[in-house]
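Chemist: give me the fold of what follows.
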Amino acid sequence: MKVLVIAPHPDDEVIGVGGTIAKRAKDGHDVYVCVVTKAFPPLFSDDIVEQARKECREADKFLGVIETSFLDFPAVTLETIPRYELNGGIQKIIQRVKPDEVYLPHRGDMQLDHKMIVDAAMVALRPKYAHRISRIYAYETLSETGWDIPNTVNEFIPTVYEDITDTLEKKLQAMNIFQSQLADFPAARSLGAIEALAKFRGATVNVMAAEAFSLIREIKV
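Modeler: As a prediction, this is how the structure comes out:
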């Protein structure tokens, strides 16, 4: 099986899907990560950008990802890019990888990049192409999910739980590589918060640790 995780920014894939990535890789599946945006000066320094990308490659490799690709669309200014360019960029990755399982950020996230990338990905994931994708999930990202205005559209409602009891520690170790992004607890992007969420999601379904997802579409054959 081929798995594709679409991440708006470096570290989103680890925060949201890190335990599942490690579990899929351990089980012999091919896992790919696509980071859609790149930060540019003057909003971000070149040094910070390169550090985050280096950390991303290292963390993904540690989890077992076989390829991390970067699309280089401008972070926090995605609205300046024509929609067809963003749609097309993501579609090229999907058509090249031909995944069976795809993970997207939650559309109700605070960050506009997340919302726009989900919309573009869903255009690329329309079930009209020769390659059929079996499952599409939305994942939650601490520091983005649950921080927008509360309403029925923005609320993250998990419907699928992945037991990551055996890979939680590996997820935390991968996140620890992102020294440019980490903060101390109780910050949302902290190892303490990530571990607490994993244990809470696990307790919801009576396992030691879990990642929660919202099923967007599943095709059974």
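Chemist: please state the offset of the lengthiest helix in the chain from the chain centre?
Modeler: Counting by DSSP state H, the longest helix found in the chain is helix 46-63. Taking the mean of its C-alpha atoms, helix 46-63 sits 15 Å from the chain's own mean (Cα atoms, centre = their mean, to the nearest Å).
Chemist: buried residues, that helix. List them.
Modeler: Counting neighbours by 16 or more other Cβ atoms under 10 Å, one finds that the buried residues in helix 46-63 are 49, 51, 52, 53, 55, 56, 57, 59, 60, 62, 63. No exception for glycine: its C-beta is placed from N, CA and C like everyone else's.
Chemist: can you redo the residues you listed as a markdown table with distance to residue 176 and pLDDT?
Modeler: Below are the buried residues of helix 46-63 laid out as a markdown table (distance: Cβ to Cβ, whole Å; pLDDT from 0 to 100):
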| residue | distance to residue 176 | pLDDT |
| --- | --- | --- |
| 49 | 20 | 88 |
| 51 | 14 | 94 |
| 52 | 14 | 94 |
| 53 | 17 | 95 |
| 55 | 10 | 97 |
| 56 | 13 | 98 |
| 57 | 15 | 98 |
| 59 | 9 | 98 |
| 60 | 14 | 98 |
| 62 | 10 | 98 |
| 63 | 12 | 98 |
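Chemist: wait, a strand at residue 36?
Modeler: Yes: counting by DSSP: H, G, I helix; E, B strand; the rest coil, residue 36 is found in a strand.
Chemist: give the contact list for it.
Modeler: Listed by Cβ atoms under 8 Å, 6 or more residues apart in numbering, the contact partners of residue 36 are 6, 7, 8, 9, 71, 73, 86, 89, 90, 113, 117.
Chemist: distance of the nearest residue to the fourth one once chain neighbours are set aside from residue 6?
Modeler: Closest residue in space to residue 9, ignoring its immediate chain neighbours: residue 37 at 5.8 Å, by Cβ to Cβ, 6 or more residues apart in numbering. The span separating residue 37 from residue 6 equals 11 Å under the rule Cβ to Cβ, to the nearest Å.
Chemist: what does residue 115 give?
Modeler: According to Cβ to Cβ, residue 115 and residue 6 sit 13 Å apart.
Chemist: who's more crowded, these two?
Modeler: residue 6 (28 against 20; other Cβ atoms under 10 Å).
Chemist: mind listing what the more buried one touches?
Modeler: Residues in contact with residue 6 (Cβ under 8 Å, 6+ apart) are 34, 36, 90, 93, 102, 103, 104, 105, 117, 121.
Chemist: now do the SS call for residue 68.
Modeler: Three-state assignment for residue 68 (three-state DSSP): strand.
Chemist: that one bridge partners, please.
Modeler: Residue 68 has these beta-bridge partners by DSSP bridges: residue 33.
Chemist: burial count for it?
Modeler: Per other Cβ under 10 Å, the neighbour tally for residue 68 reads 21.
Chemist: same check on residue 152?
Modeler: 7.
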